[in-house]
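Undergrad: Sequence below, structure please.
(one chain, ligands or ions: 1)
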Amino acid sequence: MSSTTVAPPRWALKAEGLGRIYGAQGPESLDGTGPDFGTAVSPATGAVVAAWDIGFEVEPGEALGIIGESGSGKSTVMRCIAGDETATAGRIALRGVGHGAVNIRELDPSARRKLRLDQIAVVYQDPAAGLNLDVTAGGNIADPLTAAGWRSYQRIRDRAADLLRRVEVPLSRMDDLARTFSGGMRQRVQIARALANEPPVLLLDEPTTGLDASVAAGVLDLLRTLLEETGVAAVVVSHDFGVIDMLTRRVVVMRHGRIVESGLTDQLLEDPQHPYSQQLVAAARG
Ligand SMILES: Nc1ncnc2c1ncn2[C@@H]1O[C@H](COP(=O)(O)OP(=O)(O)OP(=O)(O)O)[C@@H](O)[C@H]1O
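TA: I've put the predicted structure just below:
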């Protein structure tokens, strides 16, 4: 008897031909845009081709970096994967959804929102985007747990305490409002909340950009440890090669909405091929 069972893919997240155009859709908006033309704005229609033909795979336990200057489209890619906005082209698949056979871009909004409970978590640059500052640290972590069906008050509290311990926030602060926390502490609570339901995919958008250098270094250290320990598939968006170097194994370089180069982070830092990557690496070296 033949079996039609499909083996699950190795990757946890795959993007293929992903695109997001603001304004008129269609080929006439693509012409004259991208790195070769030095602009993401269509000369014909004025549409902004924020991201086009973006593709990559991320395996469990692996972190992929997306680097590029402001406006290159990296946050757009992340927001399309997170479901914060809708891609206008391409395919996004998760191993945890139909063994990767479903294009989650085509799910209805409520099914898409549900993925944020147990499949994809996001850490935003601004902790206020990922936390309710008028709720306690413990309450912020309890939120995704109760949304995912946790009911026992004690179990939720124990889990929140566990997570706070992991991100090195003193347990004595568990019942304080997030608003009373420093920037670095808020970011740690946001990370704890993102990890609460053990999502297979974690998206980090400039996770340390708003922090003082010494505080950022501590958060980066924590993230590196957590990425190693949890086996999560992570995408790290940053304009800073220091962050990408510390957290990721592979990287894609974006400019004017397109990928101009991709490869192993170490190799790309050592020997960038595209002139734009060379420029970014030279800038990072000071
Ligand atoms: N809602 C929108 N409407 C029109 N254009 C937009 C919108 N959001 C983003 N863009 C444009 O899309 C392009 C890519 O923006 P995006 O935020 O993804 O870049 P980025 O590389 O993440 O930059 P930054 O680091 O500054 O956030 C930019 O030209 C931006 O102006």
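Undergrad: what's the helix or strand containing residue 110 in contact with?
TA: Using DSSP states H and E, residue 110 sits within helix 109-118. Contact partners of helix 109-118, identified using Cβ atoms under 8 Å, 6 or more residues apart in numbering, comprise 82-83, 94, 96-97, 104, 107, 122, 144, 147-148, 197, 199. Using the backbone N, CA and C atoms, a C-beta is placed for each residue, glycine as well.
Undergrad: wait, is residue 253 part of a helix?
TA: No: counting by DSSP: H, G, I helix; E, B strand; the rest coil, residue 253 is located in no helix; its state is strand.
Undergrad: Could you number the chain from 776 rather than 1 from now on?
TA: In the new count, where the first residue is 776, that last one comes out as residue 1028.
Undergrad: Tell me the residues of this structure that contact the ligand?
TA: Within reach of the ligand by Cβ under 6 Å from any ligand atom, the chain has these residues: 797, 815, 823, 825, 843, 845-851, 1014.
Undergrad: just the buried members of those?
TA: For these, a neighbour count by 16 or more other Cβ atoms under 10 Å gives the buried set as 797, 815, 823, 825, 843, 847, 848, 849, 850, 851, 1014.
Undergrad: which ones are touching the last one?
TA: When you say that, I think you mean residue 1014. Here residue 1014 is in contact with 842, 843, 844, 845, 849, 981, 984 (Cβ under 8 Å, 6+ apart).
Undergrad: Which ones among those residues lie within helices?
TA: residue 849 (DSSP state H).
Undergrad: which one of the contacts of residue 1014 is nearest residue 791?
TA: Using Cβ to Cβ, residue 849 comes nearest to residue 791 of the contacts of residue 1014, at 17.4 Å.
Undergrad: quick one: the helices in the stretch 926-1061 of the chain?
TA: 928-941, 958-970, 988-1005, 1016-1022, 1040-1045, 1050-1060 (DSSP state H, counting those that start in this stretch).
Undergrad: okay, the ones you listed in TSV with mean neighbour count next?
TA: Formatted as TSV, those follow (neighbours: other Cβ atoms under 10 Å):
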stretch	mean neighbour count
helix 928-941	16
helix 958-970	24
helix 988-1005	16
helix 1016-1022	20
helix 1040-1045	16
helix 1050-1060	15
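Undergrad: would you turn these into a markdown table with mean pLDDT?
TA: What follows is the helices of the stretch 926-1061 of the chain, written out as a markdown table (pLDDT from 0 to 100):
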| stretch | mean pLDDT |
| --- | --- |
| helix 928-941 | 96 |
| helix 958-970 | 95 |
| helix 988-1005 | 92 |
| helix 1016-1022 | 93 |
| helix 1040-1045 | 96 |
| helix 1050-1060 | 91 |
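Undergrad: so can I have CSV of the ones you listed showing distance to residue 785?
TA: Output for those, formatted as CSV (distance: least, Cβ to Cβ, whole Å):
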stretch, distance to residue 785
helix 928-941, 27
helix 958-970, 23
helix 988-1005, 18
helix 1016-1022, 21
helix 1040-1045, 20
helix 1050-1060, 27
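Undergrad: Tell me which of those helices lies nearest to residue 781.
TA: With Cβ to Cβ as the criterion, residue 781 lies closest to helix 988-1005 of those, at 26.3 Å.
Undergrad: How about residues contacting that closest one?
TA: With contacts defined as Cβ under 8 Å, 6+ apart, helix 988-1005 is touched by 836, 838, 941-943, 957-959, 962-963, 966, 970, 973, 977, 979, 982-984, 986, 1007, 1009, 1018, 1021-1022.
Undergrad: returning to that earlier point: would you mind saying which of the helices of the stretch 926-1061 of the chain lies nearest residue 908?
TA: helix 958-970 (7.7 Å).
Undergrad: and the closest one, how far from the chain's centre?
TA: Using Cα atoms, centre = their mean, to the nearest Å, the mean C-alpha position of helix 958-970 is found 15 Å from that of the whole chain.
Undergrad: Could you do stretch 814-825 as well?
TA: Centroid displacement of stretch 814-825 relative to its chain, using Cα atoms, centre = their mean, is 25 Å.
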